[in-house]
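Student: Structure for this input, please:
(chains A and B)
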Amino acid sequence: DAGVIQSPRHEVTEMGQEVTLRCKPISGHNSLFWYRQTMMRGLELLIYFNNNVPIDDSGMPEDRFSAKMPNASFSTLKIQPSEPRDSAVYFCASSPPPAGYTFGSGTRLTVV
Amino acid sequence: RKEVEQDPGPFNVPEGATVAFNCTYSNSASQSFFWYRQDCRKEPKLLMSVYSSGNEDGRFTAQLNRASQYISLLIRDSKLSDSATYLCVVTGSGGSNYKLTFGKGTLLTVNP
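Tutor: Residues are numbered from 1 along each chain as shown, chains lettered A, B, ... in the order given. Prediction:
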């Protein structure tokens, strides 16, 4: 089992640019989560998908953030336009029913 | 009161020491509890679940006090490889039981 796969591992971009983060969950896991981790705020849930449907997006900071899950094996988190305060590590995690998160290795985003 | 609160540390202990971490949570209806471990620049990984009766996994013992909304983790005979950040994790209640809320973590360094 390859685990949860995220890409890219690192992303450095200029303020105002669009950023797209990608995630491939573990096959058979029907829940997918996007988390963001910063020193100040720790790990925060951004959005939760169940069976490819967004269930809880209350953690998405603002309209600049959007997430999609077009099928069971792929999800994206997009930031447009990016700002320096978006700099963080973004984790994707997947879970089989009923629980048991497995995190991907994360994407370290730096917006300059 | 923060949803999940931990002493950030850092804890610096010698090899072989016993160290204890504490955590409090605000939602009295939370259903499940965990300790995760996060190594530097890595993703969080599940260390152990926490059960009401208390549970042990080798050198690790977890306790839960629902009345006080308090969780603890005890590490005996600490090893250099135990150096990491330990995250206290609580699920939501009712329809939000999918949601893991993380404390900011307690940093442990075990010294030779």
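Student: which SSE is the residue nearest to the spatial centre of chain A in?
Tutor: Closest to where the C-alpha atoms of chain A average out (Cα atoms, centre = their mean) is A:Trp34, at 3.5 Å. Element membership for A:Trp34, per DSSP states H and E: strand A:31-38.
Student: C-alpha coordinates for that strand, CSV please?
Tutor: This file holds the C-alpha atoms of strand A:31-38, laid out as CSV (Å, rounded to 0.1, in the frame of the first residue of the first chain):
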residue,chain,number,x,y,z
SER,A,31,-13.2,9.9,3.7
LEU,A,32,-10.7,12.5,2.7
PHE,A,33,-9.5,15.5,4.8
TRP,A,34,-7.4,18.5,4.0
TYR,A,35,-5.6,20.0,7.0
ARG,A,36,-3.3,23.0,7.4
GLN,A,37,-0.5,23.3,10.0
THR,A,38,1.2,26.4,11.2
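Student: Around chain A, which positions in chain B sit nearby?
Tutor: B:32, B:42-46, B:87, B:91, B:96, B:98-105 (Cβ under 8 Å from any Cβ of the partner chain). The C-beta positions use only the backbone N, C-alpha and C, and glycine is treated the same way.
Student: Can I have the buried ones of these as a PyMOL selection?
Tutor: For the buried members of the residues of chain B next to chain A, the matching PyMOL selection, counting by 16 or more other Cβ atoms under 10 Å in any protein chain shown, is:
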select buried, chain B and resi 32+43+44+46+87+91+96+98+99+100+101+102+103+104+105
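Student: From the residues of chain B next to chain A, which land in helices?
Tutor: Using DSSP state H, no member of these falls within helices.
Student: A strand includes B:Ser49, no?
Tutor: Yes - with DSSP: H, G, I helix; E, B strand; the rest coil as the criterion, B:Ser49 is part of a strand.
Student: out of everything not next to it in sequence, what's closest to it?
Tutor: In space, and not counting its chain neighbours, B:Ser49 is closest to B:Phe34: 5.4 Å by Cβ to Cβ, 6 or more residues apart in numbering or on different chains.
Student: what about A:His29, which SS state?
Tutor: Secondary structure state of A:His29, per three-state DSSP, is coil.
Student: tell me the contacts of it?
Tutor: A:94-96, A:102 (Cβ atoms under 8 Å, 6 or more residues apart in numbering or on different chains).
Student: For these, pick the one with the most neighbours.
Tutor: Using other Cβ atoms under 10 Å in any protein chain shown as the neighbour criterion, A:Ser94 leads the contacts of A:His29 with 25 neighbours.
Student: Wait, that residue touches A:Ser27, no?
Tutor: No - in this structure, A:Ser94 is not within contact of A:Ser27 by Cβ atoms under 8 Å, at 9.3 Å.
Student: which residues does A:Ser105 contact?
Tutor: A:Ser105 touches A:4, A:6, A:9, B:42-43, counting by Cβ under 8 Å, 6+ apart.
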